[in-house]
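J.: got a predicted structure plus its sequence, pasted below:
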Amino acid sequence: MKRFDYYKAAVCTPPVSIGDPKTNVDEMLRILQSLDPDTQLAVFPELAVTGYTCADLFYEELLLQEAMTQLIRLADNAPENMAVIAGIPLKAGTRLFNAAAFLFGGEILGFYAKHHLPGYNEYYEPRWFSPARDLETETVSVNGRDIPVSGSILFEDQTTGACIGIEICEDLWVAVPPSSAHAQAGANILVNCSASNEVIAKGSYRRDLVAGQSARTYSDYLYCSAGSDESSTDLVFSGADIMAENGKILQETVTAESITCELDLQHLHNDRMKFKTALQESRAGYTVVRYASAPIRTIELTRAVEAYPFVPADLHRRLERCETILGIQAQGLATRLKKIGCRQAVIGISGGLDSTLALLVTVRAFHMLDLPMNGITAVTMPGFGTTKRTKSNADELMELLGVTRLEVPIAASVRQHFADIGQDESVHDITYENGQARERTQILMDLANKVNGIVIGTGDLSELALGWCTYNGDHMSMYAVNASVPKTLVRYLVESEALAAKKAGNEALERVLLDICDTPVSPELLPPDKDGNIAQKTEEVLGSYDLHDFFLYHMLRHHESPEKIYGLAKLAFPQVKPEKIKESLRTFYRRFFTQQFKRSCLPDGPKVGSICLSPRGDWRMPSDACARLWLAQVEELKD
């Protein structure tokens, strides 16, 4: 696929021979040659040229001179279009720094000097090295060239937009890591050359540190640690390498010589542009070394592309997230009921996923407030498209949950309305469908007035994005508990409640909830087929909600172009034909733009995730915005 601001990086832990720079550089060059030729950055560990555990050998002039000689050889022989970062003991006047060299295009471009030197427990770094906390940019002479040495230095690729900041091991473990300042100065790729030894529980803490720092700084964070060949006199090193992006672990290993991944600089740029309070860019006191790599037109994407970005793949995490979301939804509703002094709720139940979830949330909210379940009036309103399956599930669900049940058939009142406006009932057009939806909403609103309650909305985020709701019909309520829950997640929320019912021994509730999950998504506004089954299936009209939720996430969370979303969707859904993805993408953009007017007047509802379409929340756009640019790019897509 096209590059789309992806930047390919590798984190490498070579075998090390302590005090033997030539052998160590030989190993580095071997690994560099084994990497994908399109790799643009390769990172090696702390003091990788000599080995971290040289101890008092760092005082030896012979070792320091040989280390620089071999670093020059590494620069001369590294792949031409690949930047390389490697740790080295660096002599500058009478001081010795624990440094990391930045190499590109056959040259040494600069050195970062470590800020924080651990001198506690098993560490003795202040014995040999000077800290760079107060170091102003100096220079060292290498082959007659003055090379900058600094604790505040960035390396900026003017071709790709990568801006690389380096820190070394302990720098990350302090209260204010240098990488935080690097990010403030514009670094979007943070590199940590480390020699982190292994002790009990350290691995998980280190992993959390890396993920957390990448999230706080809206950056890619590459953590490269020394391997098991370091001296085992007192310590054991495992080569724990980690690549993280904005809080998410992309790759990690404790055994392989290298890990690689594509970094999405576009994601980082968009987040930094959007979340302006996170980073206030200032380069005061920084040395910026600029270079230009050769452009790479295409890239083979190896990083995982999640087909269901709203749904964790891991069962434990998914159940945990479902419980959190259900809690947010219920707390939002409970707070609203409490604030307005309301003890009654009215909700329309169709036997479908959305209304089931809304009812489950309402029951939770009533439990939170210690209100009786009979204060929830659940209403079935069978119409022209209602099937036996959905009606039966709705009735059984209401009975099992102990709410007040009410059935109000709508066929007669809708027929009267059709007669009043001259609508032919045999014409199954939008008037036929919406007339039923608005009749149901009228019933719910008037019932709420009658019982002094509020109407609980059932529509979900995906329907709102596509405008798949009837304006002033199911589009309207007094509190919309599902408004920021995407369709692909609704099913898992209901499934999680089915699992909870199973654990509680309520097999009847488990069974009905699972059957609702298996029912095709439908508004049931058209008559059933000749066998009495659902004839109107939403996804046959709109396309797959799996695809639409994927599009929705990548557009609203990362503001990606149709071309990039299409390329990612082909990787995420290899079983779907490209022309089908393109057709669904065209539908998504057309409906997303034309249906904004429905979102501009949404009722209140709780935000549960990173994406919300409420005009008071995350998304604001004019209702008459033009979709031409987006649709034009969709039409230009090539399979």
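T.: Sure, I can see it. Numbers count the residues shown, from 1 in each chain.
J.: now L637: how far from L466?
T.: Distance, L637 to L466, by Cβ to Cβ, to the nearest Å: 20 Å. The way it works is simple: take the backbone N, C-alpha and C, and place the C-beta from them, glycine included.
J.: oh sorry, the question was meant for L301
T.: L301 sits 28 Å away from L466, taking Cβ to Cβ as the criterion.
J.: more neighbours: the two, which one.
T.: L466 (24 against 18; other Cβ atoms under 10 Å).
J.: now do the contacts for that one.
T.: The contact partners of L466, taken as Cβ atoms under 8 Å, 6 or more residues apart in numbering, are 542, 548, 587-588, 591-592, 595.
J.: give me that answer again for 10 Å
T.: 487, 538, 542-543, 545, 548, 551-552, 587-588, 590-592, 594-595, 598 (Cβ atoms under 10 Å, 6 or more residues apart in numbering).
J.: restricted to helices, list these.
T.: Among the contacts of L466, DSSP state H puts 487, 538, 542, 545, 548, 551-552, 587-588, 590-592, 594, 598 in helices.
J.: strands along the stretch 451-600 of the chain, start to end?
T.: Per DSSP state E, counting those that start in this stretch, the stretch 451-600 of the chain carries strands over the ranges 454-457, 479-480.
J.: please identify the deepest-packed of those.
T.: Mean neighbour count, computed with mean count of other Cβ atoms under 10 Å, is highest for strand 454-457 among these, reaching a mean of 26.
J.: export that one as PDB, just CAs?
T.: What follows is strand 454-457 as a C-alpha-only set of coordinates in PDB (Å, rounded to 0.1, in the frame of the first residue of the first chain):
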ATOM      1  CA  ILE A 454     -38.600   9.900  30.700                       C
ATOM      2  CA  VAL A 455     -38.200   8.000  27.500                       C
ATOM      3  CA  ILE A 456     -34.900   6.100  27.200                       C
ATOM      4  CA  GLY A 457     -33.400   6.200  23.700                       C
END
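J.: how deep is I242 tucked in, by neighbour count?
T.: I242 has 26 nearby residues by other Cβ under 10 Å.
J.: correct me if wrong: it contacts Y221.
T.: Yes: I242 lies in contact with Y221 (Cβ atoms under 10 Å); the separation is 7.7 Å.
J.: what do the two both touch?
T.: With Cβ under 10 Å, 6+ apart as the test, I242 and Y221 both reach 192, 209-211, 214, 249-250.
J.: out of these, which is most surrounded?
T.: Within the shared contacts of I242 and Y221, most neighbours by other Cβ under 10 Å means N192, with 31 neighbours.
J.: doesn't S219 make contact with it?
T.: No: applying Cβ under 10 Å, one finds N192 not in contact with S219, separated by 11.4 Å.
J.: what is in contact with these two at once?
T.: Both N192 and S219 are in contact with 165, 179, 213, where contact means Cβ under 10 Å, 6+ apart.
J.: are any of those residues buried, and which?
T.: 165, 179, 213 (16 or more other Cβ atoms under 10 Å).
J.: quick check: the nearest residue to S282 once chain neighbours are set aside vs D134, distance?
T.: Leaving aside its chain neighbours, S282 sits nearest to Q184 (5.9 Å; criterion: Cβ to Cβ, 6 or more residues apart in numbering). Distance of Q184 to D134, computed by Cβ to Cβ: 18 Å.
J.: which one's more surrounded, these two?
T.: Per other Cβ under 10 Å, whichever of Q184 and D134 has more neighbours is Q184, with 18 against 7.
J.: distance check, the more buried one against P178.
T.: Taking Cβ to Cβ, one finds Q184 at 11 Å from P178.
J.: okay, and the common contacts of the two?
T.: Joint contacts of Q184 and P178 (Cβ under 10 Å, 6+ apart) are G165.
J.: ok so, going back, closest one of the shared contacts of I242 and Y221 to T335?
T.: Nearest to T335 out of the shared contacts of I242 and Y221 is A211 (Cβ to Cβ; 31.8 Å).
J.: now whichever strand or helix holds K8: average pLDDT?
T.: Element membership of K8, judged by DSSP states H and E, is strand 6-12. Here strand 6-12 scores 97 as its mean pLDDT.
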